[in-house]
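> Sequence and predicted structure, then a few things I'm wondering about:
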Amino acid sequence: MVTINDIASKLGVSKSTVSKGLNNATDISAEMRKKILETAVELGYNSKRLMNREKKLCIIIENMDYHTPNQFGYDIILGFRQMAEPDGWTVEVVPIDKDFQREIPYGVFMMQNGYLGAFILGFSLIDPWMTEFRTSKIPAILYDNYIGSNPRIASVGCDSQEGFDHAVKHLLDLGHRKIGLISGPLESYILKARYNAYINALSKYNLDINEDYIGLGYYVADSTREHVQRMYNLGVTAIICSHDIRAVSAITECMNRGLRIPEDLSIIGFDDLPLAASTEPPLTTVRQDRPALGKAGYYAMSCLLNDLPIGSIMLRAPLIVRSSTGTARKFF
C-alpha cells in the first residue's frame, strides 16, 4: 500500500508537506499541492484515507439534461441519490466538458475534492478521461460505457441486445421482413452496442442484413430527412431508431412526406422518454428504467468501494408497444 512516505520520497519533500497537500491546507502553494495530488494518483495512493470527516461521491455529467423532473439525467441522478443518501453519503452533481477534462486529470480532480467515487453520465469514447479510466485507482461507474481489465471501474446500462430482440420479434410477428435502422454515428460505446444488437437480432430471426437499410448521421433532423424516404423507396416497412428523439424526428418526417404511421411505416424508438407516450401516434419503444439505472449505479459503486470487482450490471429492456407499429404494408 502506498503511503505518505512514498509520495514524500518521490517528490523530495517532507511528510508534513505531503499531508498538507492531501488535506487541502492553505499554507502550501497551489503548485506544490498540484504536484502532490498528481504524484498520489500516479503511485496509486488510497483515496479512502483522505475521507476521515465526510463520505462524498460525485455524479459527473456531460451532454445530458438533468435539471428538471422527467429529464433523462434527472431521473438517473434521483435514483442514485435515493440509494446513496440514506447510506450516509453526500452526493454532488458536477457538470463538465472536454476542456475541463483536458485541464485536470480525473484522479487529481477526485482527490482535490475529496470524492471517493464517481458515477459518470453522458461520456463518449473520445472524452479525455476515458483513457484515464483504464488505469484509475479511484472507483468510477460508467453509464452506457465500458472499460475492461480495470477492477476499479464498472458499468451500468440497459440490455441493448434484449431490447432489439424484442423490437425485431414484435415487427416480425406483424409481418415485417425489411427492417431499417436510423442511428447516430458509431462514435460512442452505446451506439455501437445498439448497432450490433440490430445486426444480431436480424441474424437471429433469419432476416436479410442490408447496408442500404441502415442510416447513420450526426444531426437528427438531417439524418431522418435523408434516410426515411430512401428506406421507404427500398421497400423497408419498419425502422428502429437508436433513441426516441430520432424516432420522433422520423415520425415528423413521415408526416411531412405524407407517409402514414403505421400503415406505410412502423417506427420504434429506444429509451421511453416521457414524450414517447404523447407523440402522434404514440411511440412504440424500448424502455430504460431511469431511476433504476441510478440505483444500479449506486449498487455498483458500493461493490467497488467494498473491494468487490464487478464488471457490468445490465437492466432488462422491455418493449412498450404503442400505436406507431402495425401490420406491414402489402406490395402488389
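Cool, got the structure.

> from memory I96 sits against I59, does it?
No: under the criterion of C-beta atoms under 8 Å, I96 is not in contact with I59, lying 10.8 Å apart. Where C-beta positions appear, they are placed from N, C-alpha and C, glycine not excepted.

> So for these two, which residue has more residues nearby?
I59 (25 against 18; other C-beta atoms under 10 Å).

> Using neighbour counts, pick out the buried residues of the helix or strand that contains S9.
In the assignment (DSSP states H and E), S9 maps to helix 4-11. For helix 4-11, burial by neighbour count (16 or more other C-beta atoms under 10 Å) applies to I4, D6, I7, A8, K10, L11.

> So which elements touch it?
helix 15-22, helix 30-43 (3 or more C-beta pairs under 8 Å, 6 or more residues apart in numbering; DSSP states H and E).

> closest to L275 out of those?
For L275, the closest of these is helix 30-43, at 41.9 Å, according to C-beta to C-beta.

> Report the distance from that closest one to the chain centre.
On the basis of C-alpha atoms, centre = their mean, to the nearest Å, helix 30-43 sits 30 Å off its chain's mean C-alpha point.

> Just checking: what are the partner strands of the helix or strand following it?
Once the chain leaves helix 30-43, the next helix or strand it forms, by DSSP H and E, is strand 56-61. Here strand 56-61 is paired, per DSSP bridges, with strand 90-95 (parallel), strand 118-121 (parallel).

> To V108, which of the ones you listed lies closest?
strand 118-121 (12.8 Å).

> buried sites along the helix or strand that the closest one is followed by?
Going down the chain from strand 118-121, the next helix or strand is helix 128-132, by DSSP H and E. Neighbour counts over helix 128-132 (16+ other C-beta under 10 Å) mark P128, W129, M130, E132 as buried.

> Now do the closest residue to R33 other than its chain neighbours against E42, distance only.
Spatial nearest neighbour of R33, chain neighbours left out: G21 (4.4 Å); criterion: C-beta to C-beta, 6 or more residues apart in numbering. Distance of G21 to E42, given as C-beta to C-beta, to the nearest Å: 14 Å.

> Check the contact lists of the two and give me the overlap.
Shared contacts of G21 and E42, defined by C-beta atoms under 8 Å, 6 or more residues apart in numbering, are absent.

> The two: which is more packed in?
Comparing G21 with E42 by other C-beta under 10 Å, the one with more neighbours is G21, at 26 against 16.

> And that one, how close does it get to I7?
Distance from G21 to I7, counting by C-beta to C-beta: 8 Å.

> Pull up the overlap in contacts between the two.
In contact with both G21 and I7: I36, using C-beta under 8 Å, 6+ apart.

> Low-confidence ranges, the protein, go.
46-53, 332 (pLDDT under 70).

> could I get stretch 55-64 in PDB with only the CA atoms?
The C-alpha coordinates for stretch 55-64 follow below in PDB (Å, rounded to 0.1, in the frame of the first residue of the first chain):
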ATOM      1  CA  LYS A  55     -18.400  10.400   2.900                       C
ATOM      2  CA  LYS A  56     -18.600  12.100  -0.600                       C
ATOM      3  CA  LEU A  57     -19.500  10.800  -4.000                       C
ATOM      4  CA  CYS A  58     -20.000  12.700  -7.200                       C
ATOM      5  CA  ILE A  59     -22.100  12.400 -10.300                       C
ATOM      6  CA  ILE A  60     -20.100  13.700 -13.300                       C
ATOM      7  CA  ILE A  61     -22.400  14.600 -16.100                       C
ATOM      8  CA  GLU A  62     -21.800  15.800 -19.700                       C
ATOM      9  CA  ASN A  63     -24.200  16.100 -22.700                       C
ATOM     10  CA  MET A  64     -27.300  15.100 -20.700                       C
END
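
> Now do the buried residues in that stretch.
So for stretch 55-64, counting by 16+ other C-beta under 10 Å, buried means K55, K56, L57, C58, I59, I60, I61, E62, M64.
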